[in-house]
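Undergrad: Model the following, please.
(2 chains)
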Amino acid sequence: MSMTLDRRVRQIRSRAVIRAWEYRQRDHARGVWYRLRRVLADAREAWAISARDAAALLDEGLEAEPVGGELEPARTILFVPAERLARIPGRVAVPLRLGQELLGVECLALVRFGDPGSVPGWGEP
Amino acid sequence: MVVGSEVPNLLEPGAAATLVVSQDVDLAVPVERHAEVKGLLPRIQGLRRADEEPSVWVPEGRSLIEVNFVGVDRAIVDPADTYALEDPELPLLVFGPLSLLEPGTPVEVGPLRVPVPRIAGLVLEKLLTDRTGEKGDRDLLVVAGLIPFLADADLDELRHGFGRLSPELRHAVRSGLTVLSLLGGRPGMPDPRPLRGRVAALLDALGAEGP
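TA: You can find the predicted model right below:
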């Protein structure tokens, strides 16, 4: 067999083994990154807010995403209606990328695709 | 059939090929037609077989890009299966996820009719192409290049194909989409950022997390 193809087949099979392992880990600690990405994928915007503002939003009945509590240190991540978020003056926009800027935020307010006035539906620009 | 990252370039109006997403062009060879394709190799002009890897043909000049022959085996049931078809002249990496591809409407480029796959299968194949690092990101950016071409019928087809995958591969598809959703833009490549709403809609269309 061609050495290059042989090596590629072995690499692909190795990755398949890793993928299977990651799939089995999906509900455990290792799966936290997928769960975090899955939450962030539904967000059109992300904002850093203060712990006090986050507490107020929770008091108003908004629910924190469980994945925030699975990180160490724990983060408060919650979806907030755009209209409510607009009334938080100290909010700071955070790019939706898995980097230090986002991961370093203690309290993260997300605006969901589909929030009134913001949502591009399928096929819309 | 042309597969891989050159397809979004071919799908651009007039096959304008403005996206810098590819460093080669992948040609999918059905394993049952391997002998036929091998017989045509002497007619190739401007490319020569690479010494170290006969499935790769490299350009002799600067106006062409590398060609990479890969195998498609429609008999593969599990897209995770991959094997090497041994042959001294044209060995092929028979890549399991390529079995998800169905022939689409050929793209006309001047006098050429270039066979390309249907978009839905190609999106699934790219999301299942489990690579890491730069190459993995580029595969996902190919998906970004395809998403604008997904019509409602393609979406239905994609959903159907997705439903036939194993739970593990369905998870891999969802996972790939979430990574795509958080990728930044790169010069000359399909920009995934304006497509985040569509990616979210696609994730929603694929349904809730299964077992």
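
Undergrad: Please verify my assumption that B:V37 contacts B:R43.
TA: No. Taking contacts as CB atoms under 8 Å, B:V37 lies outside contact range of B:R43: 10.8 Å. Where you see a C-beta, it was placed from the backbone N, CA and C, and this is true even at glycine.

Undergrad: Looking at these two, which one has more neighbours?
TA: Between B:V37 and B:R43, counting by other CB atoms under 10 Å in any protein chain shown, B:V37 is the more crowded of the two (16 against 6).

Undergrad: Give me the phi and psi for the more buried one.
TA: For B:V37, the backbone dihedrals are phi -70, psi -40 (criterion: degrees, to the nearest 10).

Undergrad: could you list every residue that touches it?
TA: With contact taken as CB atoms under 8 Å, 6 or more residues apart in numbering or on different chains, B:V37 is in contact with B:29, B:69, B:90.

Undergrad: which other helices and strands contact the one helix or strand B:E108 maps to?
TA: Secondary-structure assignment from DSSP states H and E places B:E108 in strand B:107-109. Packed against strand B:107-109, as judged by 3 or more CB pairs under 8 Å, 6 or more residues apart in numbering or on different chains; DSSP states H and E, are the following elements: helix B:7-11, strand B:112-114.

Undergrad: got a pLDDT number for the residue nearest the centre of chain A?
TA: Against the mean C-alpha coordinate of chain A, by CA atoms, centre = their mean, the closest residue is A:L40 at 2.9 Å. We note a pLDDT of 97 for A:L40 in this prediction.

Undergrad: For the host helix or strand of it, list every residue counted as buried.
TA: Following DSSP H and E, the helix or strand that holds A:L40 is helix A:32-41. Counting neighbours by 16 or more other CB atoms under 10 Å in any protein chain shown, one finds that the buried residues in helix A:32-41 are A:32-41.

Undergrad: And for stretch B:96-115?
TA: Within stretch B:96-115, the residues that count as buried by 16+ other CB under 10 Å are B:96-101, B:104, B:107.

Undergrad: Ramachandran coordinates for the closest residue to B:L92 other than its chain neighbours?
TA: Sequence neighbours aside, B:G71 is the residue nearest to B:L92 in space, at 3.4 Å (criterion: CB to CB, 6 or more residues apart in numbering or on different chains). Phi and psi for B:G71, reported as degrees, to the nearest 10, are phi -100, psi 150.

Undergrad: sorry, back to before: pipe the buried residues of helix A:32-41 into TSV and attach distance to chain B per row.
TA: Shown next, in TSV, are the buried residues of helix A:32-41 (distance: CB to the nearest CB, whole Å):
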residue	distance to chain B
A:V32	12
A:W33	9
A:Y34	5
A:R35	9
A:L36	9
A:R37	4
A:R38	5
A:V39	9
A:L40	6
A:A41	4
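
Undergrad: one step back: going by distance to B:G121, which of the contacts of B:V37 wins?
TA: Closest approach to B:G121 among those (CB to CB): B:V29, at 16.6 Å.
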